[in-house]
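Trainee: need a structure here:
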Amino acid sequence: MTRAMPHYRADDLEYLNAMELPSMTNNDAVALGVVAVQVIREWGLNLAVDIVVSGDLVFRAKLGSTGPDNDPWLAGKAATALRFEQPSLLVKLRHAEAGTPFTERNDIDHDAFKAHGGSIPLRVGGDVVGTITMSGEPDAIDHEAAAETLARYLSR
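Mentor: Numbers count the residues shown, from 1 in each chain. Predicted coordinates for the structure are as follows:
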């Protein structure tokens, strides 16, 4: 299946900063990962997904043509979402809309931090406790799949 490329502005993603999960145990992370795999398969995507809780990789799946080349992207997007406590695509869009692309920041290790769509912080009680991160498609689709996963998980 070919997905239409979503187009986002920073304002479109603000709602994710208010999204709260009731809990995020290892069991919750695996359940979230299972929902992610369902979204990836349903949409026919080539995506890797990581769920990290308290710095611990609890769930990883690589579907389609994804593989070890996705690992630095998964880690870099998650590092960005954690550092800024907001979705990695929102970080990218805020910088772009301000006229200062993230990639031009001199105070960032761009090997470690990647402001590309696909990672969303997981919040419990207002605190960021982890991330869901996807990599393998264009970054707007990575983001869309991660956001859809969270929405489905919360609606069950």
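
Trainee: can you pull the contacts of residue 39?
Mentor: Applying Cβ atoms under 8 Å, 6 or more residues apart in numbering, we find residue 39 in contact with 145, 148-149, 152. Glycine gets a C-beta too; all of them are placed from N, C-alpha and C.

Trainee: How far does the helix or strand where it lies sit from its chain's centre?
Mentor: Using DSSP states H and E, residue 39 sits in helix 26-43. From the chain centre to the centre of helix 26-43 is a distance of 13 Å (Cα atoms, centre = their mean, to the nearest Å).

Trainee: pLDDT on that helix, on average?
Mentor: Averaging pLDDT along helix 26-43 gives 98.

Trainee: Show me what the next helix or strand after it is in contact with.
Mentor: Next helix or strand after helix 26-43 toward the C-terminus (DSSP H and E): strand 48-53. The contact list for strand 48-53 (Cβ under 8 Å, 6+ apart) reads 24-26, 29-30, 32-33, 36-37, 40, 57-63, 66-67, 70-71, 74, 78, 122, 129-136, 146, 149.

Trainee: Mark which of those are buried, thanks.
Mentor: Among the contacts of strand 48-53, those buried by neighbour count (16 or more other Cβ atoms under 10 Å) are 24, 29, 32-33, 36, 40, 58-59, 61-63, 66, 70, 74, 78, 122, 129-136, 146, 149.

Trainee: still on that earlier bit, list the ones among the contacts of strand 48-53 that fall in strands.
Mentor: Secondary structure from DSSP state E places 57-62, 122, 129-135 of the contacts of strand 48-53 in strands.

Trainee: Next, format the residues you listed as CSV and append distance to residue 156 and pLDDT.
Mentor: As requested, the ones in strands among the contacts of strand 48-53 are exported to CSV (distance: Cβ to Cβ, whole Å; pLDDT from 0 to 100):
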residue, distance to residue 156, pLDDT
57, 23, 98
58, 19, 98
59, 17, 98
60, 22, 98
61, 19, 98
62, 24, 98
122, 16, 98
129, 19, 98
130, 19, 98
131, 20, 98
132, 15, 98
133, 21, 98
134, 19, 98
135, 25, 98
